[in-house]
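Asker: dropping a prediction and its sequence here:
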Amino acid sequence: MKVSFYLESPKGVKRNPEGTNPTAIFARIWYEGYVMKYYTPENILPKFWNGKAKPHRAKETAKFSEYPEFNKRLDNIEAAIKNAIRKYTNDNGNKPPAPATLKPLLDIAIRDDGKVKRETLLTFFDRFIEECKAGIKTGKHGKPITAGTIKSYVTTKAILTDYQSHIRKELSFDSIDMLFFNEFTKYLTLVKKQAANYIHKNFAVIKTVLKYATDLKINTNRDFESSRFSAPTEETESIYLPEYELKEIAELDLTKDLPLDRVRDLFLIGCYTGLRFSDLSTLHPDNIKDGMITITQIKTGRPVAIPVHSKVNEIMVKYSGLLPKSLSNQKMNDALKDVAKQCKSLKKKVSITFTKAGKTVTKAGKDTNEAAEKWQFVTTHTARRSFATNQYLNKVPVITIMAITGHRTESAFMKYIKVAPVEHANILQENWNNQKIDHPKTIAI
């Protein structure tokens, strides 16, 4: 750990060419891989500053008679910085504070005479996000918070910031009660026009942040723990691609558009592995050995083993044992629609219904200028859903599919797969046809 002091505008800088105006002093702090710049409450005329001395301090000159007291204050600031880092590290399992976390601690120690300023919900939210990024705040079983989860935290914080501006009132921890729940729900529904599941997700994030603040004894308001402090969810409608549609996608001639060819092939790998896009996009040949794909899932942190399907093997042979390079999720989704649009079987009209802004909405695909056809709803996640549904229809044991998809309960899995009532009826009919029925003997009475 190292702390050095510097002038914001030393002599010779344009804003202060003669060094005749006092300039701020900032600390440059190096600790545990971090480098942080922190402005102290002190300032000085550049001509009285000795930047060559070690440590950098005020010159010991009669022209600046208060130099002993001044340098002592800098010594105290340096000590306060080091003590704040050590204390936080000791109190948090030897994990040092991220710069965003350290700053308010230094403000308390250096500027506020050790008096703790009460944090608002939004200032703590910033601290929470930074600690997730730094690995100080972890998920279940000590696993790092994923980039995707952190992104959802940032999104919810931005919405809360907009809401605070909307109501023109600071969001304190004490204000997060059932009145807040009702008013924020109304705001998300009528102003932000969010869907029911998205509203639920925002409240889930808020509760996660509040729980962390409560654990740190920063928040004492526990209204968020009420069972009523949770927005309802609804079962989502989405599509899957049965085997005959996957076959048509696989047989498309895309030799004149190699980028689309790669997108199609990576999508098909997803359809025959059930991997999330986050895992699929980082899959490496090293993960494939002896006919088995082994990978630790990014979202759950759990290892999974998947046999290499013949279709996956064909694609790997096509790429000389490698895997097609992935695009970003959004670019993949856009390109997938260009692929799917070329399939006749995906020209059928479909619709997806859900609740948005308090009303039932029928989504007609991304391109509103065309009819709502199935190809418009194909995304990277369609691959994973298609895998789960097709394997279920192929009578693979549910527990086996769940081991690969990562679903923890059968009820959650059954909501995830997309099996139409007629398909369930066909499964039952086929089982009946395969059953051997022993006709009972006629018994004379």
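Answerer: Noted; the coordinates are in hand.

Asker: any idea how the chain splits into domains?
Answerer: 2-117, 123-225, 243-420 (automatic domain parsing).

Asker: okay, the ones you listed in CSV with mean pLDDT, mean neighbour count and distance to W432 next?
Answerer: (Glycine included, C-beta is placed from N, CA and C.) Output for these, formatted as CSV (pLDDT from 0 to 100; neighbours: other Cβ atoms under 10 Å; distance: least, Cβ to Cβ, whole Å):
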stretch, mean pLDDT, mean neighbour count, distance to W432
domain 2-117, 85, 15, 59
domain 123-225, 90, 16, 37
domain 243-420, 87, 16, 14
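
Asker: possible to save those domains as a markdown table with distance to E234?
Answerer: What follows is these, written out as a markdown table (distance: least, Cβ to Cβ, whole Å):
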| stretch | distance to E234 |
| --- | --- |
| domain 2-117 | 36 |
| domain 123-225 | 5 |
| domain 243-420 | 6 |
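
Asker: give me the contact list for the longest helix along the chain.
Answerer: Ranked by number of residues, the top helix in the chain under DSSP state H is helix 67-91. Applying Cβ atoms under 8 Å, 6 or more residues apart in numbering, the external contacts of helix 67-91 come out as 1, 3, 5, 25, 27, 29, 31-32, 38, 40, 42, 44, 48, 55, 57-61, 64, 95-97, 101-102, 105-106, 109-110.

Asker: and if we set it to 7 Å?
Answerer: By Cβ atoms under 7 Å, 6 or more residues apart in numbering, the residues outside helix 67-91 that reach it are 1, 3, 5, 27, 29, 31, 40, 42, 57-61, 95-97, 102, 105-106, 109-110.

Asker: so which of these sit within helices?
Answerer: Within these, residues falling in helices by DSSP H are 102, 105-106.

Asker: skipping adjacent residues, who's closest to K347 in space?
Answerer: Nearest residue to K347, sequence neighbours excluded (Cβ to Cβ, 6 or more residues apart in numbering): E373, at 5.3 Å.

Asker: show me the contacts for that neighbour.
Answerer: Contacts were defined as Cβ under 7 Å, 6+ apart; by that measure E373 touches 346-349, 365.

Asker: show me what it is bridged to.
Answerer: On the basis of DSSP bridges, E373 is bridged to K349.

Asker: can I get the CA coordinates of stretch 67-81 in CSV?
Answerer: Taking C-alpha atoms only, stretch 67-81 is exported to CSV below (Å, rounded to 0.1, in the frame of the first residue of the first chain):
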residue,chain,number,x,y,z
TYR,A,67,4.3,24.1,7.4
PRO,A,68,4.7,21.9,10.5
GLU,A,69,0.9,21.8,11.1
PHE,A,70,0.2,21.5,7.4
ASN,A,71,2.5,18.5,6.9
LYS,A,72,1.1,16.9,10.1
ARG,A,73,-2.4,17.1,8.6
LEU,A,74,-1.1,15.4,5.4
ASP,A,75,0.5,12.7,7.7
ASN,A,76,-2.8,12.3,9.4
ILE,A,77,-4.7,12.0,6.0
GLU,A,78,-2.2,9.4,4.8
ALA,A,79,-2.7,7.4,8.1
ALA,A,80,-6.5,7.7,7.8
ILE,A,81,-6.4,6.4,4.2
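
Asker: out of the domains of the chain, which gets nearest to E430?
Answerer: Each of the domains of the chain has some distance to E430 by Cβ to Cβ; the shortest is domain 243-420, at 9.0 Å.

Asker: gap between that closest one and the chain center?
Answerer: Relative to the centre of its chain, domain 243-420 is centred 20 Å away, using Cα atoms, centre = their mean, to the nearest Å.

Asker: likewise stretch 29-36?
Answerer: Taking the mean of its C-alpha atoms, stretch 29-36 sits 26 Å from the chain's own mean (Cα atoms, centre = their mean).

Asker: restrict that stretch to CA atoms and write it as PDB.
Answerer: Only the C-alpha atoms of stretch 29-36 are listed here, as PDB (Å, rounded to 0.1, in the frame of the first residue of the first chain):
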ATOM      1  CA  ILE A  29      -3.400   5.600  -3.600                       C
ATOM      2  CA  TRP A  30      -2.000   2.300  -4.700                       C
ATOM      3  CA  TYR A  31      -3.300  -0.800  -3.000                       C
ATOM      4  CA  GLU A  32      -4.100  -4.500  -3.800                       C
ATOM      5  CA  GLY A  33      -4.000  -3.900  -7.600                       C
ATOM      6  CA  TYR A  34      -6.100  -0.700  -7.400                       C
ATOM      7  CA  VAL A  35      -5.000   2.800  -8.200                       C
ATOM      8  CA  MET A  36      -7.200   5.600  -6.900                       C
END
